[in-house]
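1. Give the three-dimensional model of this entry:
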Amino acid sequence: MNKHTKTKNNAGQGAGEITSVVNRRLFLRSAGLATSLGTIVIAAGCNDDDDDPMIPGTGDTVDLGSGDIGVLNYAYALEQLEAAFYTQVVQTPYAGITDAEKAVLTDIRDHEIVHREFFKAALGDKAIKGLTPNFAAIDFTKKEAVLGAAKLFEDTGVAAYNGAGKLIKDPNYLLLAGKIVSVEARHAAVIRDLINPKSADFAGDDIIDANGMDKAVAPADILAAVKGYVKDTITGASVGK
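-> Have a look, this model is predicted:
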């Protein structure tokens, strides 16, 4: 285990020591969060095989809160969903998965777990509970079903961060959101390439607007789009207010 780093969070709560489940070298290379904010530092401590899954919730109604806390909880909710999805994908690989595909999906899982744990630590006791995912509609044995769901989650995640950015008041949080969304966009591109290799679909017209910009979607629309994949009812009416 590597040394853990003490964390001070801007939500007003001391998060103490954060133990990430992702290899330090992999995270620093691919996500770049650990050097980005002087008051919040992420350090990884365990190997890739330690998934440290979230303790599931009970299907309750979850209020994300208001202001920057609401925005951070909104991101935390989405990262919980993505981390749970990719953990399932790696634990139960679809039929015919190649070593290269599994390596990509494992890397994405590791990134999403780091993102999830980052928001959990930053929020401290303001964090929402662990959500209960609902992946009953996804056939994890079939490549097209898994990659189709991954495409939905990644495209939705990028649009969600873009749509929530204008709601963030603390510039430090905005900087970190920008760093995380850039990683999510890389995920979205590689998933599209796995579906349709060597095509221009990695930046298709369905996600890029006429100005060459990624689309931005409001929290209410994002929550409506993913509600079928979460047993809990998520209320985000006050996010950013």
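
2. List the buried residues of stretch 172-184.
-> Within stretch 172-184, the residues that count as buried by 16 or more other Cβ atoms under 10 Å are 172, 173, 174, 176, 177, 180, 181, 183, 184. From N, CA and C alone the C-beta is placed, and that goes for glycine too.

3. Same list (the residues you listed) but as CSV, adding secondary structure and distance to residue 88.
-> Output for those, formatted as CSV (DSSP: H, G, I helix; E, B strand; the rest coil; distance: Cβ to Cβ, whole Å):
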residue, secondary structure, distance to residue 88
172, helix, 33
173, helix, 29
174, helix, 31
176, helix, 27
177, helix, 26
180, helix, 21
181, helix, 23
183, helix, 20
184, helix, 19
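
4. Which one of these is nearest to residue 100?
-> residue 183 (19.6 Å; Cβ to Cβ).

5. Go ahead and confirm that closest one touches residue 111.
-> Yes: assessed by Cβ atoms under 8 Å, residue 183 is found in contact with residue 111 at 5.8 Å.

6. dump the residue contacts of residue 112.
-> For residue 112, the contacting residues are 79, 82, 83, 86, by Cβ atoms under 8 Å, 6 or more residues apart in numbering.

7. quick one: secondary structure of it?
-> helix (DSSP: H, G, I helix; E, B strand; the rest coil).

8. re the thing from before, pLDDT, secondary structure and distance to residue 160 added to the contacts of residue 112, as a markdown table?
-> Shown next, in a markdown table, are the contacts of residue 112 (pLDDT from 0 to 100; DSSP: H, G, I helix; E, B strand; the rest coil; distance: Cβ to Cβ, whole Å):
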| residue | pLDDT | secondary structure | distance to residue 160 |
| --- | --- | --- | --- |
| 79 | 98 | helix | 10 |
| 82 | 98 | helix | 11 |
| 83 | 98 | helix | 15 |
| 86 | 98 | helix | 17 |
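
9. Now the two most distant members of the residues you listed.
-> Longest span within the contacts of residue 112, Cβ to Cβ: 79 and 86, 10.7 Å.

10. Now for the residue positioned nearest the centre of the chain: which residues touch it?
-> The C-alpha lying nearest the average C-alpha coordinate of the chain belongs to residue 79 (Cα atoms, centre = their mean; 2.9 Å). By Cβ under 8 Å, 6+ apart, the contact list for residue 79 reads 112, 115, 116, 119.

11. ok, and residue 193, which helix or strand is that part of?
-> Assigned by DSSP states H and E, residue 193 belongs to helix 171-195.

12. The helix or strand residue 155 falls within to helix 171-195, inter-axis angle?
-> Here residue 155 sits within helix 143-164, counting by DSSP H and E. Interaxial angle, helix 143-164 versus helix 171-195 (axes from the mean of the first three to the mean of the last three Cα atoms, to 10 degrees): 160 degrees.

13. In helix 143-164, which residues are buried?
-> For helix 143-164, burial by neighbour count (16+ other Cβ under 10 Å) applies to 143, 146-147, 149-164.

14. Contacts for stretch 216-227 next, please.
-> By Cβ under 8 Å, 6+ apart, stretch 216-227 touches 74, 78, 81, 153, 156, 159-160, 162-165, 167, 233-234, 236-237, 239-240.
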